[in-house]
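Asks: Below is the structure, and that's it, no one-letter string:
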């Protein structure tokens, strides 16, 4: 007889997002963060991008019914403890995702926590989605979300508030919460007021919680938003309450940016490698 295995099934999570052929953001970033946070990552691909460290030069959207089928296939067999979104590409895809998630209990009144990372702007602040897709975020996804995680460019596109100081960050959190999510995390990485730090703001409709962190002098932050949302999703899958999951994710992303590395001619990625034991450097038993 062979040697018995010793593995124990970890929490199971799903990312509904697009690929990144350069490996910096999107599904690759999510799967790296999931592994670093000790959960099993499943995927529902929404779009295939032609992408490297410099930018995106092509996008092929997956048919909406195929996106929905991926979600239902995973949820009905493997089961899920939490799910998140990334790049969703179009309103028809969003509508298909909403239908599939409602059928399997992701978000809304269902038992599976749902993290919405509203990927709507490029690293340079350019709009990536049509207006009808932005409206679908506001009216279809946000009311089903456990927590949403917009950066400041996405805040501007979603609710037309240009955040330049802490007061506007608080106001944006209130307006976004009015769209229906249980929690709002307004990330402060692009806030010019914070020259030496980076303050993210969590709001549940009653209480504001500031999460300060260091600001690093680097352009290698590709995939940072994806990775933080993935870490929040991992915490929720482990049974943490939203505030505790966000604190865990803040710790993760600070170290991921601290350990980011150059890659190609453009922006390198944040790195999960700080959280991984270097077993390959250990003596062979």
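Replies: Looks like it came in fine. As the structure is a prediction and not an experimental result, all values here were calculated from the model.
Asks: Any stretches of the stretch 51-200 of the chain with poor pLDDT?
Replies: 122-126 (pLDDT under 70).
Asks: what about the helices in it?
Replies: 64-77, 91-104, 131-136, 152-159, 166-177 (DSSP state H, counting those that start in this stretch).
Asks: Of all those, which one is nearest residue 209?
Replies: Closest approach to residue 209 among the helices of the stretch 51-200 of the chain (CB to CB): helix 166-177, 10.2 Å. Backbone N, C-alpha and C define where each C-beta goes, glycine included.
Asks: in that closest one, what's buried?
Replies: The neighbour-count check on helix 166-177 (16 or more other CB atoms under 10 Å) flags 168-169, 171-173, 176-177 as buried.
Asks: again with stretch 183-196
Replies: For stretch 183-196, the neighbour count (16+ other CB under 10 Å) marks 183-191, 194 as buried.
Asks: Please apply the same query to stretch 267-282.
Replies: Within stretch 267-282, the residues that count as buried by 16+ other CB under 10 Å are 267-272, 275.
Asks: go on, stretch 136-144?
Replies: If you call a residue buried by 16+ other CB under 10 Å, then stretch 136-144 has these buried ones: 136-137, 140-142, 144.
Asks: distance between the ends of it?
Replies: In terms of CA to CA, to the nearest Å, the two terminal residues of stretch 136-144 are separated by 12 Å.
Asks: who touches residue 14 in this structure?
Replies: Shown in contact with residue 14 (CB atoms under 8 Å, 6 or more residues apart in numbering): 41-44, 71, 74-75, 80, 82-84, 106.
Asks: So how do I select the buried members of those residues in PyMOL?
Replies: Provided next is the PyMOL selection string for whichever of the contacts of residue 14 are buried by 16+ other CB under 10 Å:
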select buried, resi 41+42+43+44+71+74+75+80+82+83+84+106
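Asks: so which of the contacts of residue 14 comes closest to residue 54?
Replies: residue 43 (24.7 Å).
Asks: Wait, a helix at that closest one?
Replies: No: under DSSP: H, G, I helix; E, B strand; the rest coil, residue 43 sits outside any helix and is assigned strand.
Asks: my read: it touches residue 15, true?
Replies: Yes: counting by CB atoms under 8 Å, residue 43 touches residue 15, with 5.6 Å between them.
Asks: Common neighbours of these two, please.
Replies: Applying CB under 8 Å, 6+ apart, one finds that residue 43 and residue 15 are jointly contacted by 27, 30-31.
Asks: Pick the one among those residues closest to residue 111.
Replies: Nearest member of the shared contacts of residue 43 and residue 15 to residue 111, counting by CB to CB, is residue 30, at 21.4 Å.
Asks: Where does that closest one sit: helix, strand or coil?
Replies: Secondary structure state of residue 30, per three-state DSSP, is helix.
Asks: Could you report the pLDDT at it?
Replies: What the model reports for residue 30 is a pLDDT of 98.
Asks: show me what contacts it?
Replies: Residues counted as contacts of residue 30 (CB under 8 Å, 6+ apart) are 15, 17, 41, 43, 84, 86, 226-227, 229-230.
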